[in-house]
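**Student:** Below are the sequence and a predicted model for it; my questions follow.
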Amino acid sequence: MNEIITNLENLSSAQKERVESLIDILYVTNIVALYIFSLLYPLFGIIYGVILYNTSLVAPTRKIARICIILGAINILLTLGFFFIIFAIKNFFSQLSPLYL
């Protein structure tokens, strides 16, 4: 690790800027992937968000954890709402026709 830091210090300003840009791109990509996983797998988002929130020492990381928790909760609520609506529609149509199951 010290070799990497030493090599970064020896770079020109243009090269340092490129390396910093690459690090920023990778950071944003990881955050976006984390948000997508939180939407697709809400339990993952909630558990990971709680762990990240409790172990984090800096405010930006806590904000990311909070967003993961919120996205997971929104997905669970939308899924439950969708199943409730489907169940209500099924019951509505089953009352219209006694032969409809």
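**Tutor:** Here it is on my side, so go on. Numbers count the residues shown, from 1 in each chain.
**Student:** tell me the centre residue of this protein?
**Tutor:** Taking CA atoms, centre = their mean, the centroid of the chain lies closest to residue 35, which sits 1.9 Å from it.
**Student:** And it, how far from residue 86?
**Tutor:** 27 Å (CB to CB, to the nearest Å). (Glycine included, C-beta is placed from N, CA and C.)
**Student:** swap in residue 12?
**Tutor:** 61 Å.
**Student:** Touching whatever helix or strand residue 53 lives in from outside, list them.
**Tutor:** Using DSSP states H and E, residue 53 maps to helix 42-55. For helix 42-55, the external contacting residues (CB atoms under 8 Å, 6 or more residues apart in numbering) are 34, 37-39, 61-62, 64-69, 71-73, 75-76, 79.
**Student:** Just the buried ones from those residues, in PyMOL syntax?
**Tutor:** In PyMOL, a selection of the buried entries from these looks like this (16 or more other CB atoms under 10 Å):
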select buried, resi 34+37+38+39+62+64+65+67+68+69+71+72+75
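**Student:** Mark which of the contacts of helix 42-55 are part of helices, please.
**Tutor:** Using DSSP state H, 34, 37-39, 61-62, 64-69, 71-73, 75-76, 79 are the members of those that sit in helices.
**Student:** okay, how far is it across stretch 47-62, tip to tip?
**Tutor:** 14 Å (CA to CA, to the nearest Å).
**Student:** which other helices and strands contact the helix or strand hosting residue 88?
**Tutor:** Element membership of residue 88, judged by DSSP H and E, is helix 59-96. Packed against helix 59-96, as judged by 3 or more CB pairs under 8 Å, 6 or more residues apart in numbering; DSSP states H and E, are the following elements: helix 13-40, helix 42-55.
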